[in-house]
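Trainee: take a look and give me a structure for this.
(2 chains)
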Amino acid sequence: MSVVTNTTTIGAIEAPSRRNTELALLGFAVAIPVFAYLNVGLAIDGKVPAGMLGYGLGLTLLAGVAHLVVRKWAPYSDPLLLPLAILLNGLGLVLIWRLDQSPRLIQLAKLQYGAFSPSAPNQMMYSAIGIAMFVGVLLILKDHRVLQRYTYISMAAALVLLLLPLVPGLGTDSFGAKIWIRIGGFSIQPGEFAKLVLAVFFSGYLMVKRDALALASRRFMGLYLPRGRDLGPILTIWAVSLLILVFENDLGTSLLFFGMFVIMLYVATERTSWIVMGLLMAIAGAVVVGSTASHVQSRVAAWLDPFECLKTAPPGTNMAYACDQMTQVLMSFGSGGILGTGLGQGNSDLIKFAANSDFIFATVGEELGLTGVMVFLLLYGLIIERGIRTALAARDPFGKLLAMGLSGAFALQIFVVAGGVMGLIPLTGMTMPFLAYGGSSVIANWALIGILIRISDTARRPAPSPAPNPDAEMTQVVRP
Amino acid sequence: MNKPLRRVAIFCGLLVLALLVRDNWLQFVRADELTAHPNNTRVRIERYANERGNIIVDGKPITGSVDSGGNYYKYKRTYVNGPMWAPVTGYASQVYDANFIEKIEDGILTGNDDRLFFDRTLAMFTGEKKKGGDVVLTLSGAAQKAAFEGLGDKTGAVVAIEPSTGKILALASTPSYDPSTIAGSNDEKAWVALNSSKSKPMQNRALREIYPPGSVFKVVTAAAALENGNVTDINKPTDTPEGWKIPLSTIPMKNHAQGCANASLNRALEISCNSVFAKLGDEIGVEKMNEMAEKFGFNAEQFVPVRSAASVFDKKAERGGNAQAAIGQFNTATTPLQMAMVTAAIANDGKLMKPYMIDELRAPNLDVIKKNEPEEMSRPVSPENAQLLQQMMENVVSEGTGGRADLKMDGVKVGGKTGTAQHGEKNSKRPYAWFISYAKTAEGSPVAVAVIVEDASGVSREDISGGGLAAPIARDVMKAVLKGQG
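Mentor: The predicted structure is shown next:
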């Protein structure tokens, strides 16, 4: 690092607010999805889609409201986060709308549920609620340090959220993974919200305990090993993650929370030993559960060699199902090639189940090709990078930890989901933020962006000029 | 806390990088493999997404394409007179892939061939619907009909070739099946029934089955004898005693005909003397015999462009085996196509033309993309010797065992050869009835035919001879071709 680091966005002089940059970027973030919408309509029906005006206006409205709120209540915040989220959300809407047009999925829905209802209008509604959540976060949370007060309430809330799917009658089993609850007509994925609340808890807790965790340690084989009693928290989180893995059958969620904790622990204490311990514990847990839980086993088999597993698995079993799904997803990616088939012209609907949620990335792969997938991954990468940059710029440890925790969780989620659908790691039940169909995900991630924007606003805000000293005028130095 | 933050930032970058690398692996390195994977239904969806082009005979399509209204496979293949054309067209099924012409020219028929790129691009701008191109065949509807109806409910095959060009005029195989019955997506029952049927209706006997040729192979031996100078005068008696012993054994070569002792080559072919040809084969030797057989196309797969099985002449046979191979027994085995090629080469004065059945490929707008031109394959016999062979084969029809193939038309000479090949342990099964023949007018030979009738249940055993069963079919096919020309 050079001495003149401008990595922190704090400047001694009046920092530019960059709100106009954000507005210009928002213009692109709205225009690109609108063109994508037009593209889908032309490809499927050969004419300009009727809903295009409504869609464009809706997206413009959402982006506009969000922008005005940021301009007023978080004027110094990072200019990239909001446009990136709007772009991803808008493209997600287009992809969901495109899959709504698939005659195969319509026929399948009619066979399974007796009726088909399009998902795009719902997702539009969820996006609006998400933006409302974003606005709410910025309006209510004038300073992120307020959250510090709720450290232990957050812990309780996170545990409740995580364990809700296990409550009989409330949790629903969706193809093995129990990460959903059903209230009224709505399915909610509490894990998405737990992500936020847990980040708050970890930040508050680690900020207080970091010195004890970092300094009170013994040196062993070049590593600083923590004292036995300081191991308590990491063991607890590990146990909870394992419980999630065992009882909710979801590798993704447990990996996400445990990984987030280890990252934050490392950042708070600056001790590499925590990472080593965390990795060892994660591997031990994964091996134990992976060799016992049948649901995880079938996912692993589908990951290792789906085509082979499809031949050997007994038809009709969970394993055959998981393997078939994985082959369909892989073939969808493969058929896209470098440039893809073009929006509306692929056959990613062959994946059938969860084509517009868990596997929406396969539609990106097939219709937008390698190019499109790389663009999406880089967009996500940019969000992560801006989040970490916010953490670097933040002036208070709590803000640093919270921004890092949220960005780290976001990064892990992208890796777990995209890696899962692309066959890099076993498939899990989480969804791509902003892209996939699902209210919980969209709303929780908008809240996440809201918190990051709040922290970055605090971080980039110019230091208030010292209050004029009332004595200054009185004490004049009189020179002879 | 900034140092670990930077490290975590690098770690997150590595996560994204891993995803990028994995995506390149999937969508670039493995793209072709995954696109063409047998489990990938996209290939079939694409194949039936647009109206499929047609296979055309005599200017009329023998295939069709109907909108089945399915969500997966939009169009469905139909066939005009399916069973008759099945050995040529093959099938194109929404579930069970495709074969023969339907498979080989799939690119043209679906419109995805690179050669149609310009048409596709143009259609994109004019807004026309994408459509497949057509495949125009060399076959003759009349000849095919004569062959198919001649075979009737017997098991067998017919191949007819135009000797001067190599164009295949008829290619029939019975029992056959209607490819329409397995074209759709709910035809599992029919598919299973066809595949488990004992009569093997999906087997292409004209191209993919090899049979012992029996006496029809004697024309190859005769050709070798003339070419290698073992016989110079076809009417000069050969020095062959009745009961000539097979070399390396004590078993005499049995003749079914009378008067084979010291018969001339001409006479021996006319009445089909085993002893004369076995002895000639022995004199010529296995190497020269094999050389002649391979010049006619033996021991190699032929691509017309549908692949045919390789006919067999055993080049490693010892003397006894070779003597028997020379009369079409021992390990000698041939496809009906191969025997038609032998006949065509003789009828074409010794020049073997490469057999083919696709005349031209046409774009959807009827532009010709590719026109196949006749191609010489080899010259197994000299024109003089070919004429001697013709003379002898014409003798067979006018004087000998092939009388029933005679067309009795003015200005048309017919040459042929019968064959009755033994098969099964000790001749236990019903023999195969073979007949090869050609017709010749003043302008040259318009057609050469090979006919095999595999099993003729209900016909008394003595009647199963090439002359009785197969020759009339050959006659009808030749007649159909001549009528079509005249």
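
Trainee: in the stretch 51-200 of chain B, which residue sits nearest chain A?
Mentor: B:Asn71 (4.8 Å; C-beta to the nearest C-beta). (Each C-beta comes from the backbone N, C-alpha and C, glycine too.)

Trainee: can you give me the neighbour number for the one residue in the stretch 201-350 of chain B that gets nearest to chain A?
Mentor: Closest contact between the stretch 201-350 of chain B and chain A, by C-beta to the nearest C-beta, is at B:Met202 (24.8 Å). Using other C-beta atoms under 10 Å in any protein chain shown, B:Met202 has 20 other residues around it.

Trainee: and the helix or strand encompassing B:Ile45, what does it pack onto?
Mentor: B:Ile45 belongs to helix B:42-47 when assigned by DSSP states H and E. Counting contacts by 3 or more C-beta pairs under 8 Å, 6 or more residues apart in numbering or on different chains; DSSP states H and E, helix B:42-47 is packed against helix B:106-110.

Trainee: what about the helix it packs on and chain A, touching?
Mentor: No - if you take C-beta under 8 Å from any C-beta of the partner chain as the test, helix B:106-110 misses chain A, and the best it gets is 15.2 Å.

Trainee: that helix packs against which elements?
Mentor: Other elements packing on helix B:106-110 under the criterion 3+ C-beta pairs under 8 Å, 6+ apart are helix B:42-47, strand B:134-137.

Trainee: compare the ones you listed and say which comes out lowest on pLDDT.
Mentor: In terms of mean pLDDT, the lowest-scoring of those is helix B:42-47 (a mean of 83).

Trainee: SS state for the closest residue to chain B within the stretch 201-350 of chain A?
Mentor: Closest residue of the stretch 201-350 of chain A to chain B, C-beta to the nearest C-beta: A:Gly334 (2.3 Å). Three-state assignment for A:Gly334 (DSSP: H, G, I helix; E, B strand; the rest coil): helix.

Trainee: note down every partner strand of the strand ranked longest in chain A and its orientation.
Mentor: Longest strand in chain A, counting residues (DSSP state E): strand A:177-183. Strand A:177-183 pairs in its sheet with strand A:171-174 (antiparallel), strand A:186-188 (antiparallel), by DSSP bridges.

Trainee: ok so, going back, which outside residues touch the helix holding B:Ile45?
Mentor: A:331, A:335, A:347, A:350, B:35-36, B:72-73, B:92, B:94-95, B:97-98, B:106, B:110, B:112 (C-beta atoms under 8 Å, 6 or more residues apart in numbering or on different chains).

Trainee: re earlier: hmm, the residue of the stretch 201-350 of chain A closest to chain B is touching B:Val29, no?
Mentor: No - A:Gly334 lies out of contact with B:Val29 (C-beta atoms under 8 Å); the separation is 9.7 Å.

Trainee: for chain A, what are the nearby residues on chain B?
Mentor: Within chain B, the positions adjacent to chain A are B:1-9, B:11-13, B:15-16, B:18-20, B:22-24, B:26-28, B:30-31, B:33-35, B:37, B:39-42, B:45, B:71-72, B:127 by C-beta under 8 Å from any C-beta.

Trainee: now list the buried members of these.
Mentor: B:1-2, B:4-5, B:7-9, B:11-12, B:15-16, B:18-20, B:22-24, B:26-27, B:30-31, B:34-35, B:37, B:40-42, B:45, B:72 (16 or more other C-beta atoms under 10 Å in any protein chain shown).

Trainee: how about the lengthiest helix in chain A, does it reach chain B?
Mentor: Across chain A, the longest stretch assigned as helix under DSSP state H is helix A:360-393. Yes - judged by C-beta under 8 Å from any C-beta, helix A:360-393 comes into contact with chain B at A:365, A:369-370, A:373-374, A:377-378, A:380-381, A:384-385, A:388, A:391-392.

Trainee: give the buried residues for that helix.
Mentor: Under the neighbour-count rule (16+ other C-beta under 10 Å), helix A:360-393 has A:360-370, A:372-374, A:376-377, A:379-381, A:383-393 buried.

Trainee: show the contacting residues for residue 376.
Mentor: This is for chain A. So A:Phe376 contacts A:Leu88, A:Leu91, A:Phe361, A:Val364, A:Leu368, A:Leu435 (C-beta under 8 Å, 6+ apart).

Trainee: you looked at the wrong chain, it should be chain B
Mentor: Neighbours of B:Glu376 in contact, by C-beta under 8 Å, 6+ apart: B:Lys351, B:Leu352, B:Met353, B:Lys354.

Trainee: out of the residues you listed, who's the most crowded?
Mentor: Counting neighbours by other C-beta under 10 Å, B:Leu352 comes out on top of the contacts of B:Glu376 with 23 neighbours.

Trainee: which of the contacts of B:Glu376 sits closest to chain A?
Mentor: Looking across the contacts of B:Glu376 and measuring by C-beta to the nearest C-beta, the closest to chain A is B:Lys354, at 37.3 Å.
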